[in-house]
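J.: Here is a sequence with its predicted model. Questions after.
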Amino acid sequence: MRYFKLTIAYDGTDFHGWQIQSCKPTIQGEIVGVLRQLTQENIVLHGTGRTDAGVHALGQVGSFRTQSPLSAGDFHRALNALLPPSIRIVNVEEVGPNFSARFSSRGKIYRYRLYRGRVVPPMIWRYVLHYPFPLDEDAMRDAAARFVGVHDFTSFAASTGSEEDDKERVMDREIYSTELVRSPDNEELVYTVHGRSFLRYMVRKMVGTLLDVGRGKLKPEDIDRLYKLRDRSKSGPTVPSHGLCMVSAEHEESYKVV
């Protein structure tokens, strides 16, 4: 048996998220379909994160195993030849049996883009949330810094839809760093967050809360209060998915093939 790691970039606009769904186009489904065509095997593809419908990626990671004699280079060329142009395989590596895109993960970086100009250029409207209204960006940066560390992010995550399941979920997450900066052209406000792992809608809820701080609906110190409240109705809205991108994923180095 052989094991492979894929680094994947995609425009999530036309897909119903990463995870395979019946009768709906997904990133995982498209890649699995091509891998099964190439190997004639029932390939299972694991991903580092289950991005939601409309979310993009520059550095999603997938892993699969196969008995195929195809090399990493063969898989790289064939996948990009057969996948739609909105999904690109950035790199393919043969790895050891201990590597898992999901369980070997040690961190992920997400980025959310807010376009602050009056008119969004047509070539980027799929990738930014347009918000041309006044914001207190210094207050937003103060609030963003309060996400760093280990906290209970119940107020910043979507419900599973089941009260019992919600009670049993571990809601503590560790955020390594966050940054809120203007783009070099000064037209965008870009929020970047680096964390160990994330709950569903967590980054989009964090950005929505930062917007409420910028609008004056919340204060930076309210972030600390929201951790204690454990009430998602008290935090900001869940911002649209199209402004979000998974930039990269970090993994243990022990998976390398010697």
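T.: Here it is on my side, so go on.
J.: Now Ala78. Nearest residue, chain neighbours left out?
T.: Nearest residue to Ala78 in three dimensions, chain neighbours excluded: Leu38, at 5.5 Å (Cβ to Cβ, 6 or more residues apart in numbering). Bear in mind the C-beta positions are built from the backbone N, C-alpha and C, glycine included.
J.: Pull the contacting residues for that neighbour.
T.: Leu38 makes contact with Ser68, Leu70, Phe75, Ala78, Leu79, Leu82, according to Cβ atoms under 8 Å, 6 or more residues apart in numbering.
J.: how about the strands of this structure, start to end?
T.: In the chain, the segments counted as strands under DSSP state E are 2-10, 46-47, 56-66, 87-95, 105-115, 129-130, 149-152, 172-182, 188-195, 244-251.
J.: Any chance of JSON lines for these, columns mean pLDDT, distance to Ala143 and mean neighbour count?
T.: Output for the strands of the chain, formatted as JSON lines (pLDDT from 0 to 100; distance: least, Cβ to Cβ, whole Å; neighbours: other Cβ atoms under 10 Å):
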{"stretch": "strand 2-10", "mean pLDDT": "97", "distance to Ala143": "30", "mean neighbour count": "21"}
{"stretch": "strand 46-47", "mean pLDDT": "96", "distance to Ala143": "30", "mean neighbour count": "20"}
{"stretch": "strand 56-66", "mean pLDDT": "97", "distance to Ala143": "25", "mean neighbour count": "22"}
{"stretch": "strand 87-95", "mean pLDDT": "97", "distance to Ala143": "33", "mean neighbour count": "18"}
{"stretch": "strand 105-115", "mean pLDDT": "97", "distance to Ala143": "14", "mean neighbour count": "20"}
{"stretch": "strand 129-130", "mean pLDDT": "98", "distance to Ala143": "17", "mean neighbour count": "19"}
{"stretch": "strand 149-152", "mean pLDDT": "98", "distance to Ala143": "13", "mean neighbour count": "14"}
{"stretch": "strand 172-182", "mean pLDDT": "97", "distance to Ala143": "9", "mean neighbour count": "16"}
{"stretch": "strand 188-195", "mean pLDDT": "98", "distance to Ala143": "11", "mean neighbour count": "20"}
{"stretch": "strand 244-251", "mean pLDDT": "96", "distance to Ala143": "18", "mean neighbour count": "21"}
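J.: which one of the ones you listed lies closest to Glu30?
T.: Of all the strands of the chain, it is strand 87-95 that lies closest to Glu30, at 5.8 Å by Cβ to Cβ.
J.: For Thr7, give me its contacts.
T.: So, once contact is read as Cβ under 8 Å, 6+ apart, Thr7 ends up touching Gly59, Gln60, Val61, Ile89, Val90, Asn91, Val92.
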